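S.K.: Predicted model and sequence below, questions to follow.
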Amino acid sequence: MQTILIIEDEKDLAELVAFNLEREGFRVMTAHDGLTGLDQASRIKPDLVILDLMLPGLLGTEVCKTMKRNEKTAAIPVLMLTAKGEEIDKVVGFEVGAEDYVVKPFSTRELILRVRALLRRAATPPSPGSVVKVGPLTLDVERHSVAIDGAEVSFTSTEFKLLHILVQRQGRLQSREVLLRDVWGYAFVEDSRTVDTHITRLRGKMGAAGELIRTVRGFGYKIEL
Ligand code: CA
């Protein structure tokens, strides 16, 4: 049975989400403030954390950052609950490092879809054992590392997966929907901004090599030499 930790100070909401997740067969723990949540995350090591952004004591962004810096909790996927207008780019960005977010108010159905997708992703690492090269880019799939002109550049696991898929399908146009399915595991999602945000960050980290990623307006992306 998979365990989900909910860190949310709105007790009614935490209870509603917990109820729905338990009905789906998950074991659920809850915490109502950031510090308690952080402590539980490192003690219980849940399979996934649902983390509210606005929390008393320690903000959700701080909880997430701390989790991602701690070896014991770094690999636990974090689904952040945010309000519209909060800095979503930052939340899923390298600085905070949440794997995904849901904007409040959300439907429990949508939340459960996201939870399942994140758990699937966590269970299927990319197939190991190969080094892939495109121009100045070298991806070591086993080591999860990327080098550009021989210099190692650090990427989050989602960024790596996105880059890996684009590199594997070099020269072939990938729609946002296909990327959401293959990188994030979503069957369908209305908000394709997640893809754009991650592409922007990939390019930023890749420097001049970022130009290898081509935008096809209104459709998607591809990597091409
Ligand atoms: Ca809150």
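M.R.: It's in.
S.K.: Give me the phi and psi angles of the residue sitting nearest the centre point of the chain.
M.R.: Geometric centre of the chain, nearest residue: Glu99, 1.9 Å, by C-alpha atoms, centre = their mean. Dihedral angles of Glu99 (phi, psi; degrees, to the nearest 10) stand at phi -80, psi -30.
S.K.: i'd like the first residue to be 858 from this point on
M.R.: Fine by me, first position is 858 from now on; the one you just mentioned is Glu956.
S.K.: For the closest residue to it other than its chain neighbours, grab the count of nearby residues.
M.R.: Among residues not flanking Glu956 along the chain, Pro934 sits closest, at 4.4 Å (C-beta to C-beta, 6 or more residues apart in numbering). To be clear about C-beta, it is placed using only N, CA and C from the backbone, and glycine gets the same treatment. Pro934 has 21 neighbours, counted by other C-beta atoms under 10 Å.
S.K.: Pull the contacting residues for Pro934.
M.R.: By C-beta atoms under 8 Å, 6 or more residues apart in numbering, Pro934 lies in contact with Asp904, Leu905, Val906, Glu956, Asp957, Leu975, Leu976, Arg978, Ala979.
S.K.: Please report how far it lies from the ion.
M.R.: Pro934 sits 20 Å away from the ion, going by C-beta to the ion, to the nearest Å.
S.K.: quick one: that residue and Ala955, what's the gap?
M.R.: 8 Å (C-beta to C-beta, to the nearest Å).
S.K.: Please name the nearest non-neighbouring residue to the residue in the chain positioned nearest to the ion.
M.R.: Here the chain gets closest to the ion at one residue, Met911, 4.0 Å apart by C-beta to the ion. Once flanking residues are discounted, Met911 sits nearest to Gly917: 6.9 Å by C-beta to C-beta, 6+ apart.
S.K.: Equivalent analysis for Glu881, please.
M.R.: Ile969 (5.9 Å).
S.K.: Equivalent analysis for Glu872, please.
M.R.: Nearest to Glu872 is Thr887, by C-beta to C-beta, 6+ apart, at 7.7 Å.
S.K.: Next, the contact list for the one you found, please.
M.R.: Counted by C-beta under 8 Å, 6+ apart, Thr887 has contacts Leu862, Ile863, Ile864, Glu865, Ala871, Glu872, Ala875.
S.K.: And Thr893, by the same measure?
M.R.: Ile864 are the contacts of Thr893 under C-beta under 8 Å, 6+ apart.
S.K.: Quickly list the domain ranges of the chain.
M.R.: 860-980, 988-1080 (automatic domain parsing).
S.K.: All set, thanks.
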